[in-house]
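Participant: Turn this into a model:
(2 chains)
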2 protein chains.
Amino acid sequence: MTTTEKVSGPSTGGEPTPPLRVALLGCGVVGSEVARLLIDSASDLRARVGRPLELVGIAVRRLNRPREGLDAGLFTTDAEGLVSRSGVDLVIEVIGGIEPARSLILSALRHGASVVTANKALLAEDGATLYAAAEQSGVDLYFEAAVAGAIPIVRPLRESLVGDEITSVIGIVNGTTNYILDKMDSQGAGFAETLVDAQALGYAEADPTADVDGFDAAAKAAILASLAFHTRVGAADVYREGISEVTTSDIASAREMGSVVKLLALCELSPAVDGAGPRGVSVRVHPAMIPRSHPLASVTGAYNAVFVESRSAGRLMFYGPGAGGSPTASAVLGDLVTVARNRVRGAAGPGESSYAARPIDPIDDVVTRYHVCLEVADVTGVLATVAACFAEHGVSIQTVRQQGRGTDAQLVVVTHRATDAALSATVRALRTLPSVRDVTSVMRVEGET
Amino acid sequence: MTTTEKVSGPSTGGEPTPPLRVALLGCGVVGSEVARLLIDSASDLRARVGRPLELVGIAVRRLNRPREGLDAGLFTTDAEGLVSRSGVDLVIEVIGGIEPARSLILSALRHGASVVTANKALLAEDGATLYAAAEQSGVDLYFEAAVAGAIPIVRPLRESLVGDEITSVIGIVNGTTNYILDKMDSQGAGFAETLVDAQALGYAEADPTADVDGFDAAAKAAILASLAFHTRVGAADVYREGISEVTTSDIASAREMGSVVKLLALCELSPAVDGAGPRGVSVRVHPAMIPRSHPLASVTGAYNAVFVESRSAGRLMFYGPGAGGSPTASAVLGDLVTVARNRVRGAAGPGESSYAARPIDPIDDVVTRYHVCLEVADVTGVLATVAACFAEHGVSIQTVRQQGRGTDAQLVVVTHRATDAALSATVRALRTLPSVRDVTSVMRVEGET
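Facilitator: Residues are numbered from 1 along each chain as shown, chains lettered A, B, ... in the order given. Got it, this is the predicted structure:
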């Protein structure tokens, strides 16, 4: 397609409509799907935007891979040359990672292109710099694909709920860990062997650190919290625990109390305190037990879901595939059409909204419930001793269950709401008690309904 | 607040920012909540928009009602005077119904105001006229609150999924009927007595026609189908059956096959036919059985949910409160902030996208599965006769179950996929068979998983 071809869009009444020129950075699983859809769906995209979208170049690391259905002339290894090429309107970044993605996005924005990115790590690390560059050039920075794949959650938080006060966002935003925990729950297998299975099936990467240690979920939590609470939250602000220490006995214990273990990304607005400045936020990623009756409990396999509570709207849930080439490409193309429409109309969509400038609550101050397993000596009075230890640290016990006898005696304690600091102090003190052999597991309990 | 007060927004760097002037049409359950939030959340809304929002007037039918917390000077019975008042930037319409809402919205748009409305009936009846008026004035028409209350579904369809090909949208979009069917399922009560209870509890209106006969759901289905398939679908294009004929025995029969009865709004893109022009759409509202394993089956009480399938994104679900003053006000205010931001930036959001101009499939051509109950004579060979009748009309039987004996003998047939025309012809023929006393129930079976 050339710029002189006559095509009509809905808003131009038959006038020639020059295409918007699209540059694509990265041609892996997501990028190649985006390229394919840009070509296959060209006439629909043109009708929806009001002008054609023309793919003018694809930056890749190596030119020598076969890429079916894509014109070899589109490919270049000179990504910087592509984004700074004159007349590029829209840049899609699906390389991932911090560099060179950051430099390329900044260059694109400074050259006046709108950017669509799926790069959660970069947004969580340095979103403010990207927003500022977009604002300065009066162009768009959109990133629906960065959180929860195809599930529309960025736009609902940024726009649909922007007249409301969001009080919490709880997400299952990492498909790999959800798949592993789900298999551990349904098949009774341990973490290590389930991880190996997940790797064999392609649900986990050879180096699973980013997923199983919660880094991926933490980046997404930072993005969700920033949007929900109109403040800046970076990856470093997110308290993070992975799932590698979740045991089959944790999962069995959850099951006994009608719960399930999930890796949750929790973003919460702290209670208002009179005269204390803006309300704080707590943002954390860790395994937690949630009741099976909670909507998030039924999110199985590699699916993602985000549960939002707000003052006026109440409880909302968004559910769908959290990863994969096609779902991520869907989110990228939705953004692409939106920023292309904005460009046709000569305007930009919403920029950063960080006016609330909220403090990050330290994890010590975070209040939730806990599930604590102890191995104890089977001596008279051990329950009283343990209960007294919780009470001394201001942690109120909701239920306690004794399992086994003799040297295998185990106490399972579920607390009422307490601060992390109080619970940690309790656990330290429990470990000094002669009748407590070990504190074998501490897990948070979320999703009170 | 006056226009000369100095306030700073994020995008103005301390310059005086004159307010955007907001007119509110209607002050019922939703309107009064919107007014309250506009006042209580003024500083947050100002920061999010970049300019203050000033409520300049509220049009009501009668002035003599007490309205706590709202300045009496805001109220007027002259709605037309309010929307045509010079300098009104944003008009919120929460009156409902066709007139005077249509005239007032058109007047507002023609006077250059952007409009936020919750009016599903009007959009389904005459959306094209409203869109055209907005387009002509270069202003916005937003209506997130018109479908499924606070659940963000309009914006996801209009923007997030706009780069994808949506193939079906299935919604539980009427809380009243979902509440009634849910109670019938959980309590075993009949339709009439459950309706009376729902009315007593405020879940159903004194005149329940709009809800129980499916008119409300049909308007929402028309809006959803228009957005999802980039075409015009009006309320009159929607095939509609209500829930008043759903019996306790239908619900028991659904339960026996592991299903539940829901009033569904189904919007489907027809299969592509080579050389046959644009693909058609079928849009229908009727009670149907869906498997309890389907995500929509667990939507209970007055909650709403919308299940979307698309080519790239796969299966998505959106869930939340479908009605009520606060949730609807949340959706209205989200739109208000969005159109206000657009106004600050001097641009409008997406307009109508109806380029696909798809034909509406007649109900006769719609293909689905059916659950058919027959009262039969307990004579040898009745099953063979009935099965032959289905086969003659090209309807394939998936399962058949015989219940009772003697004069109470009943056959429950579940079919494979067949057209509505073939099924209807089958039912007419069944009624002529001497061994068939009555066809007591025919219900569609949806949500094949």
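Participant: Just the CA trace of the lowest-mean-pLDDT helix or strand in chain A, in CSV.
Facilitator: One helix or strand of chain A scores below all others by mean pLDDT, DSSP states H and E: strand A:397-403, with a mean of 91. Taking C-alpha atoms only, strand A:397-403 is exported to CSV below (Å, rounded to 0.1, in the frame of the first residue of the first chain):
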residue,chain,number,x,y,z
ILE,A,397,-6.3,-16.3,67.5
GLN,A,398,-9.4,-17.2,65.5
THR,A,399,-9.0,-21.0,65.3
VAL,A,400,-6.5,-23.5,66.5
ARG,A,401,-6.4,-27.1,65.4
GLN,A,402,-4.2,-29.9,66.9
GLN,A,403,-3.1,-32.7,64.6
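Participant: What's the first helix or strand after that strand?
Facilitator: strand A:410-415 (DSSP states H and E).
Participant: got the contact list for the very next helix or strand once past that next one?
Facilitator: With elements assigned by DSSP H and E, the helix or strand that comes after strand A:410-415 is strand A:418-419. Under the contact criterion CB atoms under 8 Å, 6 or more residues apart in numbering or on different chains, strand A:418-419 has outside partners A:Asp364, A:Asp365, A:Val366, A:Val367, A:Thr368, A:Arg369, A:Tyr370, A:Gly394, A:Val395, A:Ser396. From N, CA and C alone the C-beta is placed, and that goes for glycine too.
Participant: residues near the third one, how many?
Facilitator: Neighbour count for A:Val366, taken as other CB atoms under 10 Å in any protein chain shown: 20.
Participant: buried residues in the helix or strand A:Leu130 falls within?
Facilitator: Per DSSP H and E: A:Leu130 is located in helix A:120-137. Neighbour counts over helix A:120-137 (16 or more other CB atoms under 10 Å in any protein chain shown) mark A:120-127, A:130-131, A:133-135, A:137 as buried.
Participant: Could I get the contacting residues of A:Glu80?
Facilitator: A:Pro100, A:Ser103, A:Leu104, A:Ser107.
Participant: Just to check, the last one is in contact with A:Leu82?
Facilitator: Spelled out, it's A:Ser107. No - counting by CB atoms under 8 Å, A:Ser107 sits too far from A:Leu82 to count as a contact (9.7 Å).
Participant: any idea how far A:Glu256 is from chain B?
Facilitator: Per CB to the nearest CB, to the nearest Å, A:Glu256 is found 23 Å from chain B.
Participant: And for A:Val261?
Facilitator: Separation of A:Val261 from chain B (CB to the nearest CB): 21 Å.
Participant: Flag every residue of the stretch 101-250 of chain A that's near chain B.
Facilitator: The interface of the stretch 101-250 of chain A toward chain B, taken as CB under 8 Å from any CB of the partner chain, is made up of A:144, A:150-152, A:155-156, A:159-165, A:230.
Participant: Cross those residues against helices and list the overlap.
Facilitator: The helices, defined by DSSP state H, take in A:Arg155 from those.
Participant: how does chain A divide into domains?
Facilitator: A:20-149+A:326-344, A:154-321, A:363-445 (automatic domain parsing).
Participant: Could you point out which of the ones you listed sits nearest B:Thr300?
Facilitator: In terms of CB to CB, the element of those nearest to B:Thr300 is domain A:154-321, at 11.1 Å.
Participant: so how far is the closest one from its chain's centroid?
Facilitator: Here domain A:154-321 is found 8 Å from its chain centre; the criterion is CA atoms, centre = their mean, to the nearest Å.
Participant: Tell me who's in contact with the residue located most distally from the centre of chain A.
Facilitator: Distance from the centre of chain A peaks at A:Thr380, with 47.6 Å (CA atoms, centre = their mean). Under the criterion of CB under 8 Å, 6+ apart, A:Thr380 has no neighbours.
Participant: Am I right that it falls within a helix?
Facilitator: No - going by DSSP: H, G, I helix; E, B strand; the rest coil, the assignment for A:Thr380 is coil, not a helix.
Participant: ok, now which ones touch A:Ala235?
Facilitator: A:Ala121, A:Ala124, A:Glu125, A:Phe215, A:Ala218, A:Ala219, A:Ala222 are the contacts of A:Ala235 under CB under 8 Å, 6+ apart.
Participant: ugh, wrong one, A:Asp182
Facilitator: A:Asp182 neighbours (CB under 8 Å, 6+ apart): A:Thr300, A:Gly301.
Participant: Which parts of chain A are helices?
Facilitator: All helices of chain A, identified by DSSP H, fall at A:29-40, A:42-49, A:79-83, A:101-110, A:120-137, A:154-155, A:175-187, A:191-200, A:209-212, A:215-229, A:248-256, A:325-344, A:382-392, A:420-432.
Participant: Reformat the ones you listed as CSV; add mean pLDDT and distance to A:Phe307.
Facilitator: Output for these, formatted as CSV (pLDDT from 0 to 100; distance: least, CB to CB, whole Å):
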stretch, mean pLDDT, distance to A:Phe307
helix A:29-40, 96, 26
helix A:42-49, 96, 31
helix A:79-83, 97, 37
helix A:101-110, 98, 30
helix A:120-137, 97, 19
helix A:154-155, 96, 16
helix A:175-187, 95, 14
helix A:191-200, 95, 24
helix A:209-212, 96, 21
helix A:215-229, 98, 11
helix A:248-256, 93, 18
helix A:325-344, 96, 19
helix A:382-392, 95, 30
helix A:420-432, 97, 22
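Participant: of these, which approaches B:Ser244 most closely?
Facilitator: Evaluated with CB to CB, the helices of chain A place helix A:154-155 nearest to B:Ser244, the distance being 38.1 Å.
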